[in-house]
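Just need the structure, nothing else, for what follows:
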Amino acid sequence: MKRPHRRTSEWQALISQWQASGLSAPAFCGQQGIGYASFCQWRQRLRTADVVDEPAATPGTFIDLGALSAGNAVLGQGWHIVLSLGNGVELRLSQG
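Numbers count the residues shown, from 1 in each chain. Next comes the predicted model:
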């Protein structure tokens, strides 16, 4: 039996339903009659597309982290910064 061809928007909706379901990916696919391999391929494809669609930082932009340190020291709170460098690489900085 041939499986139906789904559009990108349909895969996005299915992945959102899976995330909200609380089920494991294989269990969700079995429940919905979706091929697990196809589901994984689309999940990866859409995850990569999200990264590609993020706006790029303006070259030469400078962020003064000294202001974060001074402002939060009084409150006893730290800060946590995550820089997404692409291809799944992240640089994490934190204080406190």
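
Give the next helix or strand downstream of the worst-scoring helix or strand of the chain on mean pLDDT.
Every helix and strand of the chain was ranked by mean pLDDT, DSSP states H and E. The lowest is helix 66-75, at a mean of 52. Note on helix 66-75: by DSSP states H and E, the next helix or strand toward the C-terminus is strand 79-86.

could you say what helices and strands that next one packs with?
On a contact count with 3 or more C-beta pairs under 8 Å, 6 or more residues apart in numbering; DSSP states H and E, strand 79-86 meets helix 66-75, strand 89-95. For glycine as for every other residue, the C-beta is placed from the backbone atoms N, C-alpha and C.

got the angle for it vs strand 89-95?
Put simply, strand 79-86 runs at 170 degrees to strand 89-95, going by axes from the mean of the first three to the mean of the last three C-alpha atoms, to 10 degrees.

So in terms of bridging, what pairs with Leu93?
When bridges are called by DSSP bridges, Leu93 pairs up with Ile81.

and the gap between Gln41 and Val82?
Gln41 is 27 Å from Val82, where distance means C-beta to C-beta, to the nearest Å.

ok, those two, which is more surrounded?
Set Gln41 next to Val82 and count neighbours by other C-beta atoms under 10 Å: Gln41 wins out with 12 against 9.

Which residue ranges make up each domain of this structure?
Using automatic domain parsing, the domains assigned to the chain come out as 8-53, 66-95.

Lowest mean pLDDT across the ones you listed, which one is that?
Of all the domains of the chain, mean pLDDT reaches its minimum on domain 66-95 (a mean of 68).
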